[in-house]
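S.K.: Let's see this in three dimensions:
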Amino acid sequence: MPLVFEEWDLGITPVTARSRLYSLAPIGIGTAFVESLSGYVARLAAAHAVPAGRFIYRELSAYVAPGGLNLPKLYAVNGVGRSAKRWVEGLESMTLRPDLRYLTLLPFARLFPEPLLLRRVRAWCPACYAQMASRGEPIYEPLAWCLRLVEVCPRHQRVLATACPRCHRSSHPLCAASRPGFCSCCGAWLGDRHAGSHRSDAVPMEYQSWLAGAIGELLANATLLQPERLRDRARDALLAYADSFAEGNRSAVTEAAGFPKCALCGWFRGDKMPRIDTLLRTWYRLRLPVACLLNDAPLALSSQARAERSMEIRSLRQVAPKRSHEQIRAALEEALQEQPAPSLTELAHRLGYTGSSRLREADRDLCRQILLNHRKSGRSHWWRRRGAKPICELSRVKATLEQYLASAAPVPPLDRIATGLGYAVDQSLRRKFPALSRALAARIAEQRHARVEAIAPALEAALQESPPPYMRELAKRLGFSAASVLKAHAPVLYERLKALRQAYEQMRCRELRENLEAVLAENPPPSLKSVYARLGVTESIVNSAGLAATREAVGLRHQQYSLEQAQARRNAVRAEIREIVGTLDAAGICPSIPRVTGLLQAGSLREWKVIRNAVADARRGLA
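M.R.: You can find the predicted model right below:
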């Protein structure tokens, strides 16, 4: 019987691609504690059992920095610039991992510009290091620690450390002796030995705690981002906020965020990229969710929350909201469905009005239905029920009225006094204390008459001032909220002062134009910052005077001068280096870069690339 052997497959099995370096998996992608690229490089060096410095120079420098490495500037590998892109591309090609870009801020490149983004020194949370070690987890450095804005650990609510507890020195995020969890200078362990019993003396501010959580939420969703939509989402969120809480008034939103008027115009138009610190501070002040930067979901808030925000904006601006009758009618129709039924006054306060007159103007029928619903609910006229406490004791009301009458200070309007005592209108005070109310009303009328009589003398005095004041400023001096009051009571003097102010502003514009044109003839050309300080103006003042072209000419002239000076300094140091290299070579001494640098004169240019290239050129010239 013939033997039967098993069948062999003699086909060539394809061999998968092999990476030059270990394909080390990054830690925490998709979480707030995603690993940083600088920490990943240090872990990768430890996985190959070589120091980080030797690993970077021997293996990575040819891929990530062909022109040479500058270790103090390697903090930029975690950012959004060209350096981060080169490092990500180089490491991905050497490890064959496609997800290393999420260890940097590259997914946010279209939203966050480079300035003020990253720390230049290493920061860490000792409690986090101790927790990793106690659980037997790999020791690594989260990307959030590298951001300059993050000063608090979101997990332990303690301030990040930047100095070694043993040698009291700081280090760079990535250097020759980098090792996660250990000091790069003395090698000491940076985690808490007794993490459970240690508490930081520095209590983090509320904003810092919120900021750490917000940045953590952004980093956790980096894999889901659509970078081309980030700027549009920031714009859409601000526009939705303006429509929901400020009736589309963008200036009101800007003031609520704590910025000068028109500071966020570029954000609303979508043609300006917000800086990370400014953007997040705006989101914190407006109490916007960070999630609106990640998806296109609309702002979902209850009517009560919208009312509270609207009242806050109104109190900040001290201006009643501007709503159309259609908007007010929609709010009234929504209030008809509420349980328990609100009163008309409550609804007016929600919408930012002190009284219900604007609501009645919009739709009297709906207001009447809201009143009927409120009465049927049993919540109206609660003070008339048996056993109800009075709004305010009559003795206290009488004492307050007598105190205002005896005081030499200006008396506020009677309805404001009633509001302070808990009454909606002043009719209750007039009915219960008619004599005191009449005396206060007469006092208030005298005050009003005196203020009106003071308008004409104040305008005549303002005509003698130099420079003449703004009309709004003069109105505030006299205690009025708008300059239209001055125009109503003294129109001739008002127009004279207005014309005088306009003539002064035109004269100032002419002087500013002459001064800027004179700056164009100065040598050396000054910078715009020094010109603004000398003339006592700002860039917005120059632009509003129609001198933007002159300003650009001054800035361009100084920029060209600075470039010429920098090139002259480079040429001078190259000539000096050629002379030093020739002298050392004639003496039989090797002209190395450190030796040549040590012989440079004080004040010479110290750019590393210029010195390195100049020494190399001089040595080639010797050959």
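S.K.: which SS state does Pro2 fall under?
M.R.: coil (DSSP: H, G, I helix; E, B strand; the rest coil).
S.K.: Tell me, what's the model's pLDDT at it?
M.R.: pLDDT, Pro2: 70.
S.K.: Arg97 too?
M.R.: Note for Arg97: predicted pLDDT of 90.
S.K.: Quickly note the distance from it to Leu37.
M.R.: 12 Å (C-beta to C-beta, to the nearest Å). Where C-beta positions appear, they are placed from N, C-alpha and C, glycine not excepted.
S.K.: shared neighbours of those two, anything?
M.R.: Leu91 (C-beta atoms under 8 Å, 6 or more residues apart in numbering).
S.K.: ok, the two, which is more surrounded?
M.R.: Leu37 (28 against 20; other C-beta atoms under 10 Å).
S.K.: and the more buried one, how far is that from Arg86?
M.R.: 11 Å.
S.K.: And for Ile56?
M.R.: 13 Å.
S.K.: Which residue of the two possesses the greater neighbour count?
M.R.: Relative neighbour count places Ile56 above the other of Ile56 and Arg86, with 24 against 15, counting by other C-beta under 10 Å.
S.K.: part of a strand, is that one?
M.R.: No - under three-state DSSP, Ile56 sits outside any strand and is assigned helix.
S.K.: Give me the neighbour count for Lys85.
M.R.: Residues lying near Lys85 (other C-beta under 10 Å) number 17.
S.K.: Show the contacting residues for it.
M.R.: By C-beta under 8 Å, 6+ apart, the contact set of Lys85 is Leu106.
S.K.: Can I get stretch 95-105 as PDB, trimmed to CA atoms?
M.R.: Taking C-alpha atoms only, stretch 95-105 is exported to PDB below (Å, rounded to 0.1, in the frame of the first residue of the first chain):
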ATOM      1  CA  THR A  95       6.800  52.900  14.100                       C
ATOM      2  CA  LEU A  96       4.100  52.300  11.400                       C
ATOM      3  CA  ARG A  97       1.500  53.800  13.800                       C
ATOM      4  CA  PRO A  98      -1.100  56.000  12.100                       C
ATOM      5  CA  ASP A  99      -2.500  57.600  15.400                       C
ATOM      6  CA  LEU A 100       0.500  59.600  16.700                       C
ATOM      7  CA  ARG A 101      -1.000  62.900  15.500                       C
ATOM      8  CA  TYR A 102      -3.500  62.700  18.400                       C
ATOM      9  CA  LEU A 103      -0.600  63.000  20.800                       C
ATOM     10  CA  THR A 104      -0.200  66.600  19.700                       C
ATOM     11  CA  LEU A 105      -2.500  69.600  19.100                       C
END
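S.K.: I would like the residues contacting it, please.
M.R.: Stretch 95-105 is contacted from outside by 17, 19-26, 29, 34-37, 40, 44, 77-80, 84, 87-88, 91-92, 107, 112, 117, 143, 222-223, using C-beta under 8 Å, 6+ apart.
S.K.: how about 6 Å then?
M.R.: For stretch 95-105, contacts defined as C-beta atoms under 6 Å, 6 or more residues apart in numbering pick out 19, 21, 23, 26, 29, 35-37, 40, 78-80, 84, 88, 91-92, 222-223.
S.K.: for stretch 23-40, same thing?
M.R.: 44, 47, 77-78, 95-97, 102-104, 140-143, 146, 173-174, 180, 216, 219-220, 223.
S.K.: and the chain, what are its domains?
M.R.: Domain assignment for the chain, taken from automatic domain parsing, gives 19-225, 226-315, 323-381, 394-453, 455-506, 507-560, 562-622.
S.K.: and these, which one is worst for confidence?
M.R.: When I compare the domains of the chain, domain 226-315 is least confident, with a mean of 73.
S.K.: Just the buried subset of the contacts of stretch 95-105, written out for PyMOL, thanks.
M.R.: Those of these that count as buried under 16 or more other C-beta atoms under 10 Å are selected in PyMOL with:
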select buried, resi 21+26+29+35+36+37+40+78+79+80+84+88+91+222
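S.K.: what separates the closest residue to Arg179 other than its chain neighbours from His172, distance-wise?
M.R.: Among residues not flanking Arg179 along the chain, Ala42 sits closest, at 6.0 Å (C-beta to C-beta, 6 or more residues apart in numbering). Ala42 is 11 Å from His172, where distance means C-beta to C-beta.
S.K.: and what of Asp236?
M.R.: On the measure of C-beta to C-beta, Asp236 and His172 end up 39 Å apart.
S.K.: same check, this time on Leu190
M.R.: Relative to His172, and taking C-beta to C-beta, Leu190 is found at 15 Å.
S.K.: Neighbour count: these two, which is higher?
M.R.: Leu190 (23 against 18).
S.K.: In contact with that one, which residues?
M.R.: With C-beta under 6 Å, 6+ apart, Leu190 has these contacts: Trp124, Tyr129, Gly181.
S.K.: Between these, which sits nearest Leu500?
M.R.: Trp124 (62.9 Å; C-beta to C-beta).
S.K.: for that closest one, what are its contacts?
M.R.: Trp145, Ala161, Leu190.
S.K.: okay, those residues in TSV with secondary structure next?
M.R.: Shown next, in TSV, are the contacts of Trp124 (three-state DSSP):
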residue	secondary structure
Trp145	helix
Ala161	strand
Leu190	coil
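S.K.: Now Leu347. Nearest residue, chain neighbours left out?
M.R.: What sits nearest to Leu347 in space, not counting adjacent residues and going by C-beta to C-beta, 6+ apart, is Ala335, at 5.2 Å.
S.K.: Can you name the next helix or strand after the helix or strand the one you found falls within?
M.R.: Following DSSP states H and E, one finds Ala335 within helix 325-336. Using DSSP H and E, the helix or strand that follows helix 325-336 in sequence is helix 344-350.
S.K.: tell me what that next one is packed against?
M.R.: Contacts defined by 3 or more C-beta pairs under 6 Å, 6 or more residues apart in numbering; DSSP states H and E place helix 344-350 against helix 364-376.
S.K.: Now with 7 Å, please.
M.R.: Applying 3 or more C-beta pairs under 7 Å, 6 or more residues apart in numbering; DSSP states H and E, we find helix 344-350 packed against helix 357-362, helix 364-376.
S.K.: closest to Ala409 out of these?
M.R.: Per C-beta to C-beta, nearest to Ala409 of those: helix 357-362, 29.6 Å.
S.K.: So Ser209, which state does it fall into?
M.R.: Going by three-state DSSP: Ser209 is helix.
S.K.: Contacts for stretch 614-623, please.
M.R.: Val573, Arg574, Ile577, Arg578, Val581, Asp585, Pro591, Ile593, Val596 (C-beta atoms under 7 Å, 6 or more residues apart in numbering).
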